[in-house]
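Novice: Using only what follows, build the 3D model:
(chains A and B)
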Amino acid sequence: MLGTFGYLVSLALAAFVWVAPAGATPPDLDALKVEEIAPGNYVHFGRIEPLSHANLGDQANIGFIVGDRCVAVIDTGGSYAVGAALRKAIRQVTDKPVCYVIITHFHPDHFFGAAALVGPGVRIITHTDYRRWIAERGRFYLKALHRDLGDLAEGSEVVEPTEVVSDRKTIDIGGRTLTLQAWPAAHTTNDLTVLDERTGTLWLGDLLFVDHTPVIDGSVLGFLDVLGRLGEMRVAHYVPGHGRSELPWPKVLEPERDYLDVIVRETRAALKNRKTLEQAVDSVGLSQRANWVNFDEFHRRNVTEAYTELEWE
Amino acid sequence: MLWKSTGARLLMAAFLVLVTGVSLANEMAEPDPAKSQYWPTIRQMMFGDREILDGKDVIHVYLSTRAADAASVPVSIKGQIDQTPDHYIKNIYLIVERNPSPAAGIFHFTPESGRAQLETRLRFEDYSFVRAIAEMNDGTLYMASRWVKAAGGCSAPGGRFRIPENLIGQMKFKFMDAMLEYGKPILVQLMIRHPNESALAMDFDGDKVPRFVRSVKVTYDGKLVMSGEVDFSISDNPSFRFFFRPEKEGVLDAVVEDTYDRVYHHRLTVSEGVPLPGG
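Specialist: Residues are numbered from 1 along each chain as shown, chains lettered A, B, ... in the order given. Predicted structure coming up:
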């Protein structure tokens, strides 16, 4: 009887939409520092550290590509303030309008700045499964951002895509064709990459982590498959979702692939040896600690994801 | 018609006040379980004025205080007494205080359970106390509480995959031991492939019923081992691990029902000397 009772309560509360406290104004940051890593491709390298009042969600690598006609933004930072600072950086480089905001996946450090970059005439493009994740997680992420940043989160919003990609799509920003590729479940279930065809620059979102512990939030087996396919692409320049590297393509994919391989191998062994989820989380992949930053923040979670996927093999 | 419940309405109203009032609270340190602003309302609705005693000799809750994944936090509830016909834990109430649906499950045990123990995986909407209340066969209540900080970053209680329709309801029994011994309690895990959709998701507007497992019942040789009424605070692909005490060869039988009124069955014959399924 109480089971039904609990369900009742939850239905009641589902109707209650958490509303961010209003009144504060978003912090006004200086323009983000950007680097032109290939002609027309400008990257801001985020900080490899957890969300804090000091970084305001400036964690992911974000940036933009300038065409003859307009600008395509790729990822927007983890809060309105960071998105607004990216907008200033764009204005220091070009007067051309922003016509596309492309969000590589539905994680807070990539999408929460979008509210500062969208407006009339700006098309917002995501992977098709992004919408399902908004429904599943949007409210939770917004609440967590306000819990962690307080008033500094002001203005940050979950934005809906105006169009989605389920396979592949090309867009033209004037003399430049960008190819958007939607991938099957890997880092998340809604990973989207952007290839600037003119310079051969591939923006990978979090399909590529450098230094920052890779995060599994889609499928560990899918992640390995996608890395294999990415490795076959011809790429002249690349932009990881976190970190930076001087390694050539596709060698830069190897540390991440090795990390995921270890997780799969050791989690399968733990399952075979009848280890529980807790036991697996306390033992799998610990040899990898020295190779990655933020390991304690993400690694145990990765093992949880891998275990709950592989236990159904 | 479910909405006619006055209790639910009251609890809802109370929650609206609480959720609004403390949304800015920033709990970095582990708070005192006795001072929780959420607990008095839930306690009153579920147990009225009944006395709830300190559970340290009767029931324990084990989990990682810094949970790895808000979508899947393993929690173990362990009865600290022998289940005898005269004195046993009859029900365990599992509560995630700050989930909008706080009652994650109510599990029933018998003297045949061997030990009243349950391990499952929970979703966390926020940093929260988990509480386990043991109700004895004589009606006495005992409580244990633990504080959980589900990790930040991208960790979220929402699902990852869509589970293909034809796989929903698939089940497995798994054992940590390779063999069983008659007369000795043994742990068994029941795994259920199911999305266990949450009404917390934004696209459930109250008209659409979320699809989640609402009851689980396991018998051995026709005798009840464990049963429970559960909710979507349980992670997707629900998992339950518990004891049973086989006295002879018999059939473990699981019956699972979801909110779409689908009923799923799974059976496994076990006996001494025959290897048990594991990983």
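
Novice: From now on I want contacts and neighbour counts done on CA atoms only, so please keep to that.
Specialist: Fine.

Novice: Show the pLDDT at residue 16.
Specialist: If you meant another chain, say so; for now it's chain A. As predicted, residue A:16 sits at a pLDDT of 44.

Novice: that's the wrong chain, I wanted chain B
Specialist: Confidence score, pLDDT, at residue B:16: 40.

Novice: burial of residue 71, as a residue count?
Specialist: You didn't pick a chain, so chain A it is. 23 (other Cα atoms under 10 Å in any protein chain shown).

Novice: Sorry, I should have been clearer: chain B.
Specialist: Around residue B:71 there are 27 other residues, counting by other Cα under 10 Å.

Novice: Give the helix, strand or coil label for it.
Specialist: coil (DSSP: H, G, I helix; E, B strand; the rest coil).

Novice: Contacts only, for it.
Specialist: B:122, B:123, B:124, B:155, B:156, B:157, B:158, B:159, B:235 (Cα atoms under 8 Å, 6 or more residues apart in numbering or on different chains).

Novice: Without its sequence neighbours, what residue ends up closest to it?
Specialist: Using Cα to Cα, 6 or more residues apart in numbering or on different chains and skipping the chain neighbours, the partner closest in space to residue B:71 is residue B:157 (3.8 Å).

Novice: and if you look at residue A:196?
Specialist: residue A:178 (4.7 Å).

Novice: if I read this right, the one you found contacts residue A:172, doesn't it?
Specialist: Yes. The criterion here is Cα atoms under 8 Å, and residue A:178 meets it with residue A:172 at 6.3 Å.

Novice: Compare these two (neighbour count), which wins?
Specialist: A side-by-side neighbour count of residue A:178 and residue A:172, using other Cα under 10 Å, places residue A:178 first with 22 against 14.

Novice: What is the helix or strand the more buried one falls within packed up against?
Specialist: Using DSSP states H and E, residue A:178 falls within strand A:177-182. Contacts defined by 3 or more Cα pairs under 8 Å, 6 or more residues apart in numbering or on different chains; DSSP states H and E place strand A:177-182 against strand A:163-165, strand A:168-172, strand A:192-196.

Novice: Can you list the helices and strands that the shortest one packs against?
Specialist: The reference is to strand A:163-165. Using 3+ Cα pairs under 8 Å, 6+ apart: strand A:163-165 touches strand A:123-127, strand A:177-182.

Novice: cutoff 6 Å now
Specialist: Judged by 3 or more Cα pairs under 6 Å, 6 or more residues apart in numbering or on different chains; DSSP states H and E, strand A:163-165 is in contact with strand A:123-127.

Novice: in its sheet, what does the strand it packs on sit against?
Specialist: strand A:98-102 (parallel), strand A:163-165 (parallel) (DSSP bridges).

Novice: hmm, who's touching that strand?
Specialist: The set of residues external to strand A:123-127 that reach it, using Cα atoms under 6 Å, 6 or more residues apart in numbering or on different chains, is A:100, A:101, A:102, A:103, A:161, A:162, A:163, A:164, A:165, A:182, A:190, A:192.

Novice: same deal with stretch A:257-277?
Specialist: Contacts of stretch A:257-277 (Cα under 6 Å, 6+ apart): A:284, A:285, B:176, B:278, B:279.

Novice: ok, now which ones touch the residue most central in space within chain B?
Specialist: In chain B, the residue lying closest to the centroid (Cα atoms, centre = their mean) is residue B:105, at 4.3 Å. Taking Cα under 6 Å, 6+ apart as the contact definition, residue B:105 lies against B:94, B:229, B:230.

Novice: Tell me if the first one really is in a helix.
Specialist: Translated: residue B:94. No. Under three-state DSSP, residue B:94 sits outside any helix and is assigned strand.

Novice: all helices for the stretch 1-150 of chain B, in order.
Specialist: Listed in chain order, the helices of the stretch 1-150 of chain B (DSSP state H, counting those that start in this stretch) span B:6-21, B:39-47.

Novice: Equivalent analysis for the stretch 51-200 of chain A, please.
Specialist: Under DSSP H, counting those that start in this stretch, the stretch 51-200 of chain A gives helices at A:80-93, A:108-111, A:130-149.

Novice: Would you mind finding the most buried of the helices and strands packed on strand A:177-182?
Specialist: strand A:192-196 (a mean of 24; mean count of other Cα atoms under 10 Å in any protein chain shown).

Novice: Neighbours of the nearest residue to residue A:41 once chain neighbours are set aside, how many?
Specialist: Leaving aside its chain neighbours, residue A:41 sits nearest to residue A:65 (4.6 Å; criterion: Cα to Cα, 6+ apart). The number of residues packed near residue A:65 is 24, by other Cα under 10 Å.

Novice: Could you report the distance from residue B:269 to residue B:109?
Specialist: 21 Å (Cα to Cα, to the nearest Å).

Novice: for residue A:225, helix, strand, or coil?
Specialist: From three-state DSSP, the assignment for residue A:225 is helix.

Novice: out of everything not next to it in sequence, what's closest to it?
Specialist: With Cα to Cα, 6+ apart, the residue lying closest to residue A:225 is residue A:186, at 8.0 Å.

Novice: quick one, what contacts the one you found?
Specialist: Contacts of residue A:186 by Cα under 6 Å, 6+ apart are A:218, A:219, A:222, A:223.

Novice: taking those residues one by one, which sit in helices?
Specialist: A:222, A:223 (DSSP state H).

Novice: Kindly reformat the contacts of residue A:186 as CSV and extend each row with neighbour count, pLDDT and distance to residue A:299.
Specialist: What follows is the contacts of residue A:186, written out as CSV (neighbours: other Cα atoms under 10 Å in any protein chain shown; pLDDT from 0 to 100; distance: Cα to Cα, whole Å):
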residue, neighbour count, pLDDT, distance to residue A:299
A:218, 22, 95, 15
A:219, 23, 96, 15
A:222, 18, 98, 18
A:223, 26, 98, 15
